[in-house]
Every structure is written in C-alpha cells, then in structure tokens.
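**Student:** please find the sequence and the predicted model below.
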Amino acid sequence: MSVNDNLLEVKNLTTEFRTDNGMLTAVDAVDFSIGEGETVCIVGESGSGKTVATESITGLVKEPPGKVSGTVELEGKDLQSMNKKELRQVRGDNIAHIFQNPQEAMNHCYSIGWQITEALQVHQDVPDDEARKRGIDLLERVGLANASARFDDYPHELSGGQKQRAMIAMALVGNPDLLIADEPTTALDVTVQAQILKLLNELQEDYGMSILFVTHDLGVVAEIADRVVVMYAGKVMERGDVFDIFEEPSHPYTQALMECIPDKGRETDGIPGTLPNPYNTPDGCRFAPRCDHANEDCTIGDQPEEIEIERNHEVSCVYYQSGYDSSVVRDSELESDSSSTEMGATDD
Ligand SMILES: Nc1ncnc2c1ncn2[C@@H]1O[C@H](COP(=O)(O)OP(=O)(O)OP(=O)(O)O)[C@@H](O)[C@H]1O
Ligand code: NI
C-alpha cells in the first residue's frame, strides 16, 4: 500500500503535559492512518488519551503545558511543521471537529444561523441572502426539522440532539476532507444517538469525507467504523478492520471492552480495576496489571511492539511474539466468559 492511499497518516504521535505533579505522557508513540472516505474509530476507556490524540492532530493542544511530537501528514503535507496560521487554515478548509459537548463549542450570544453563515463566509465570498439560503439547506440536510424557522434560534432554544445537528452543519460548512467527531453522541439519549450515527453515515456517503470518531463504546464502533484503533493509557493496544476486531478481538484489553458492550445479555460494571497512574505508568504492557493472562514478561521493558497477526490487524501483546503460545489469549473469550460468571457467583 502506498502512502498516497491515506488521507491522514499519523506516526509516532506523542503528547506530553508538564503539570505541577510532573510530566504526564497522555499519548505515547501512536501510529494510525485514515483512508479517503473511511471511518476510523478510536476506542478506549476514559483517560486513555483519545481526545488528546485527536486534538494533537490539528494543533488544538495548548503548548505549553503540552508538547506534541511525531508526524501528522494530511495528503502528504506535514501538519506538525505548519505555523499557527497555516494550521488554522487546515482546520477551516480540510479538517473539522465536532465536540462532545455542543454547549461549550457553540457561541451562546449568536443565533445558530448567524454562526453557520459566519463560518460559511469565512470560506467563501457569498452575499448574505445566499449564505442564509445555504445555511438553511445545510440545517435541513442534517435533519433539523423546520430549518428555516429554527435558523434564527439561539443555542439555548434547541434540544441536545438539535444542537448536535447544528454543530454537524457548522462542521460541514467548509466541506472538510476529514471530520473529527469526539464522542459526539455521548450526551444524547440512545434514540437520538442512533439518529446522529445514521446521519453521519449518510453524510459520509454524500460528501465522501473521512471520519475520525472517538468513543468509549464498542457498540457505537460497530455502527460506524471501518477500522478501529484501541487505545489504553496512551498506547495503541490493537488496531484493525472493524470486522476482524469484532470477529477476533486479540488483545486482552479489546476482549475486556467487548465484554462491556451492554446488549450482550449480561449486565456489566466495566472492566475490573482502573487505568494506571498516568504519571507513573507500569513497565511492560500498560494493561498487564488488569490482565488475566499477564505473566512476568508482560511487566518488563516497554509496551510490546505491535505485531501484525493478519493483514492490517496489529496487536501489542507479548503472547503474539515468537516463542509464546498466542492461543492462551486468542481462545480466551470462552474461558473468560465462564470465569467471570464464576466470579459473579462468588461476589453474590
Ligand atoms: N491539559 C492537560 N494537562 C494535563 N493533563 C491532561 C491535559 N489534558 C488531558 N490530560 C490527561 O491526559 C490523559 C488523557 O486524557 P484524554 O482526555 O485524552 O482521555 P480520553 O480518552 O479522551 O478520555 P474520555 O473518554 O474521558 O474523554 C488523562 O490522564 C488526562 O488527565
Ligand atoms: Ni475524551
């Protein structure tokens, strides 16, 4: 595969923060790529570094206290070497963000219509009446009922789902090549969440854009992803095509996340244990302290190198290195099912 197949190529992305408590590495040598028209999901528990990773891509991390290194190439152009003005241009023309909380991302003092036309007129020299017409078209396109009547509404007059739709409209104004959506549906109820995911899928078909979607919910990943990057404590644990990830989750962390998908017919309290202290991450695999399969080799050295276990499917786990028996973790889904049932029984 040549580099040109990818719209975005992220290599060795590392983001550190200098804080009062010392240095914290939120994103640690992360690699991934996004093809044209493709949806890539970053999934992982809260605090894994998903937001920092996406914000590092477009220069949204404040430096200092942050420090971003590595390379991020958009159609072969290195974003890391761009100055603030050039990056702002990229954020306007090529990459758009939608955030988890539209409340924060929207300006409360202006009507949604004003904000959309403003964004439109930054990109293109269009007269006011034409901008208004296009703004209303966009709001209709994102499924805001009564778009022309709602155009002059202020953000507080809209429901959460309506605001999220208006945010998506604003993001689409510049016809971006890449839409970065950071947990855009987490604050919404399930029905509205499903509608927004469906809308993103449709918009992607119409506009041909790529999407980088952040979520902690593998259920959402199943709805929207072509490819998946599983992050834990700043590191990539596993990545691959969505089909392979769901058919054969190969890192114990991915398997544990699978167990947390609510509609598997069993209630779940999430993965037992907590993320490591980000100021003092463990040696070896970051997940080892919570992993049922961890042996001594899992707790020494660096995070294991990612190993390609099949085409485009990589796993960072000691058990896939030569000399180990990967079947211990590969075939563990059934085992862990029965052991967790047993644990549940003892807990009662
Ligand atoms: N400005 C900052 N200064 C210091 N540490 C930060 C800063 N921003 C994020 N972090 C830390 O970086 C780590 C990763 O945070 P991040 O917000 O990327 O997690 P996340 O995976 O997006 O979680 P969530 O699902 O809760 O949104 C956390 O330990 C967080 O406390
Ligand atoms: Ni986040």
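**Tutor:** Arrived safely, thanks for sending. Ligands and ions are numbered 1, 2, ... in the order given.
**Student:** count the neighbours of the residue of the stretch 1-150 of the chain found nearest ligand 2 for me.
**Tutor:** For the stretch 1-150 of the chain and ligand 2, the shortest gap (Cβ to the ion) falls at T51, measuring 3.1 Å. For glycine as for every other residue, the C-beta is placed from the backbone atoms N, C-alpha and C. Residue crowding around T51 was assessed by other Cβ atoms under 10 Å; the count is 20.
**Student:** then P289?
**Tutor:** P289 - counted by other Cβ under 10 Å - has 15 other residues nearby.
**Student:** spell out which residues of the stretch 1-150 of the chain are next to ligand 2.
**Tutor:** 50-51 (Cβ under 5 Å from the ion).
**Student:** would you map the helices across the stretch 1-150 of the chain?
**Tutor:** Taking DSSP state H, counting those that start in this stretch as the test, the helices found in the stretch 1-150 of the chain are 50-57, 84-93, 102-105, 112-123, 128-141, 147-150.
**Student:** check the ones you listed for me: which has the lowest mean pLDDT.
**Tutor:** Averaged per stretch, pLDDT over those is lowest on helix 102-105, reaching a mean of 72.
**Student:** for stretch 137-149, buried residues please.
**Tutor:** 138-139, 141-144, 147 (16 or more other Cβ atoms under 10 Å).
**Student:** just put those residues in CSV and tack on distance to L188.
**Tutor:** Below are these laid out as CSV (distance: Cβ to Cβ, whole Å):
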residue, distance to L188
L138, 20
L139, 18
R141, 19
V142, 14
G143, 13
L144, 14
A147, 19
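**Student:** domain-wise, how is this structure divided?
**Tutor:** Structural domains assigned to the chain are 1-94+176-348, 105-175, following automatic domain parsing.
**Student:** can you pull the contacts of the residue nearest to A131 when sequence neighbours are not counted?
**Tutor:** Excluding its sequence neighbours, the residue lying closest to A131 (Cβ to Cβ, 6 or more residues apart in numbering) is T117, at 4.0 Å. Applying Cβ atoms under 8 Å, 6 or more residues apart in numbering, we find T117 in contact with 128, 131-132, 134-135.
**Student:** now swap in A294 and tell me
**Tutor:** In this structure, A294 makes contact with 285, 287-288, judged by Cβ under 8 Å, 6+ apart.
**Student:** phi, psi of it?
**Tutor:** Here the main-chain torsion angles of A294 (degrees, to the nearest 10) amount to phi -60, psi 130.
**Student:** how near is it to ligand 1?
**Tutor:** 22 Å (Cβ to the nearest ligand atom, to the nearest Å).
**Student:** can you pull the pLDDT of that residue?
**Tutor:** With respect to pLDDT, A294 has a value of 95.
**Student:** what score does whichever residue of the stretch 201-348 of the chain sits closest to ligand 1 have for pLDDT?
**Tutor:** With distances taken as Cβ to the nearest ligand atom, the stretch 201-348 of the chain approaches ligand 1 most closely at P278, which sits 4.0 Å away. According to the per-residue confidence, P278 scores 93 in pLDDT.
**Student:** that one touches D28, doesn't it?
**Tutor:** No. Using Cβ atoms under 8 Å, P278 is not in contact with D28, being 10.0 Å away.
**Student:** can you list residues touching both of these two?
**Tutor:** Listed as contacting both P278 and D28 by Cβ under 8 Å, 6+ apart are G234.
**Student:** quick one: pLDDT of R18?
**Tutor:** Per the predicted model, pLDDT is 96 at R18.
**Student:** ok, it touching P64?
**Tutor:** Yes. At 6.0 Å, R18 counts as touching P64 under the criterion of Cβ under 8 Å.
**Student:** more neighbours, those two?
**Tutor:** R18 (13 against 9).
**Student:** closest one to V230 out of the contacts of A294, please.
**Tutor:** Proximity to V230 was ranked across these by Cβ to Cβ; first place goes to F287, at 10.2 Å.
**Student:** now do the contacts for the closest residue to the closest one other than its chain neighbours.
**Tutor:** Of all residues not flanking F287 in the chain, Y253 sits nearest, at 4.6 Å (Cβ to Cβ, 6+ apart). When the contact criterion is Cβ under 8 Å, 6+ apart, the partners of Y253 are 230, 232, 237-238, 271, 287, 291.
**Student:** double-check that Y253 belongs to a helix.
**Tutor:** Yes. Counting by DSSP: H, G, I helix; E, B strand; the rest coil, Y253 is located in a helix.
**Student:** model confidence for it, exactly?
**Tutor:** Y253 carries a pLDDT score of 97 in this model.
**Student:** sorry, back to before: which residues does the residue nearest to the residue of the stretch 1-150 of the chain closest to ligand 2 when sequence neighbours are not counted form beta bridges with?
**Tutor:** Using Cβ to Cβ, 6+ apart and skipping the chain neighbours, the partner closest in space to T51 is D182 (5.6 Å). Partner residues in beta bridges with D182: V214, with DSSP bridges as the criterion.
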